[in-house]
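*Asks:* okay, here's the prediction I keep looking at, along with the sequence it came from:
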Amino acid sequence: MEQTRRAMMAQALPNGRFAISTWSLHRLLGPIYPYSPDQERNAARKEPYGPGAASLVELPQQLAERGIHRLEVCSFHLPSLEAGYLSDLRGAMKASGVLFQTLLLEDGDPSHPDHAKRDAAWMSGWIERAVVAGAQNLRVIAGKQPPTEENLSRALRHLRQLAKEADGSGVRIVVENWFDLLPSPRQMNWLLDGLEGTVGLNGDLGNWTAPEKYADLADIMCRAELCHAKADYNAAGLDGADYLMCLEACDAAGYVGPFTLIYDSPFFPDEWDGILLQKTFIEEFQDQQTRARLSGEWRTT
């Protein structure tokens, strides 16, 4: 019965179980605006991926046309931080029936020995932007420094404060198994334990390396609320064996949240081809798991 309950929970997610990150469409979107707490860095428009062919406010409609109703937005894809623009983006999401799942804050380091306070204050300023844009979550970087006790404790302290500042806003702070501070489940679990549920986990399938990552993902994905379902590609295309083992790790952990499709490869010229291939792969995996569970439960009744 537990397996059936999990399947029903996954199917009952509002707006479906799939999301897309704007990173998966960075060639389609083109320009970036690299906002940073470092005053010496310029956030002016840059085009490392070309001029693009669509604007961010056009993206929700493109998702809806493909049956995907959740979106995550990288902070550097916002051409403006003005409230008027953020409200327009929120309106485009609503008009298309797309949920703004997560605003992905792509800079800042609350573990840094010199700049942690500055960076944490900068991160805090994004909470109100997430509110105005209608985002449910704000993904922040837990830290980029080596996983020493001092650095981990520093990050914990600032993340606790960030969660306090977000309390009551309707925006949940989440972190990711990403960068040097969190190289394994030991550090990830220590940090989450210290945060006592005030900060969530966005597990990422591509940030840790094989072969250890499969057991490591199975260790942490039981705590995850969100998942970046990044697939690896080789000369032949999607690495199905790796993707399958990552999904099996999520399943073994009991993960029932949404999957954010992360396509980050030059294999397909059209990014949508890679995104939809990964969606189909996960759907087929889920269908197989559901059939196996229902068959197993039928045999035991």
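*Replies:* All right, it came through fine. Numbering: from 1, shown residues only.

*Asks:* for the residue nearest to Val57 when sequence neighbours are not counted, give me the pLDDT.
*Replies:* Among residues not flanking Val57 along the chain, Ala92 sits closest, at 4.5 Å (CB to CB, 6 or more residues apart in numbering). Every residue, glycine included, has its C-beta placed from N, CA and C. Looking at Ala92, its pLDDT stands at 98.

*Asks:* was I right about Ala92 contacting Pro60?
*Replies:* Yes: using CB atoms under 8 Å, Ala92 is in contact with Pro60, at 5.0 Å.

*Asks:* okay, the two: which has more neighbours?
*Replies:* Pro60 (24 against 19; other CB atoms under 10 Å).

*Asks:* name the helices or strands packed onto the host helix or strand of that one?
*Replies:* Per DSSP states H and E, Pro60 falls inside helix 59-65. Applying 3 or more CB pairs under 8 Å, 6 or more residues apart in numbering; DSSP states H and E, one finds that helix 59-65 contacts strand 70-74, helix 83-96.

*Asks:* deepest-packed of those, please.
*Replies:* Across the helices and strands packed on helix 59-65, averaging neighbours per residue (mean count of other CB atoms under 10 Å) puts strand 70-74 on top, at a mean of 25.

*Asks:* could you dump that strand to PDB, C-alpha only?
*Replies:* The C-alpha coordinates for strand 70-74 follow below in PDB (Å, rounded to 0.1, in the frame of the first residue of the first chain):
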ATOM      1  CA  ARG A  70       6.400  24.500 -13.900                       C
ATOM      2  CA  LEU A  71       9.300  26.800 -14.500                       C
ATOM      3  CA  GLU A  72      12.600  27.600 -12.700                       C
ATOM      4  CA  VAL A  73      14.300  30.900 -13.600                       C
ATOM      5  CA  CYS A  74      18.100  31.500 -13.300                       C
END
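
*Asks:* thinking again about what came up before, make a markdown table from the helices and strands packed on helix 59-65 and add distance to Gln278 to it.
*Replies:* Listed next are the helices and strands packed on helix 59-65 as a markdown table, based on distance: least, CB to CB, whole Å:
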| stretch | distance to Gln278 |
| --- | --- |
| strand 70-74 | 14 |
| helix 83-96 | 21 |
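
*Asks:* which parts of the helix holding Pro60 are buried?
*Replies:* Leu59, Pro60, Gln61, Gln62, Leu63, Ala64 (16 or more other CB atoms under 10 Å).

*Asks:* you'd agree the first one is up against Thr22?
*Replies:* Yes: under the criterion of CB under 8 Å, Leu59 makes contact with Thr22 at 6.9 Å.

*Asks:* name the residues contacting each of the two.
*Replies:* Leu29, Leu71 (CB atoms under 8 Å, 6 or more residues apart in numbering).

*Asks:* which one of the buried residues of helix 59-65 is nearest Ile141?
*Replies:* Leu59 (23.4 Å; CB to CB).

*Asks:* all strands of the protein, in order?
*Replies:* Ranges of strands within the chain are 18-21, 70-74, 99-104, 137-139, 172-176, 200-204, 224-230, 233-234, 237-238, 259-262, based on DSSP state E.
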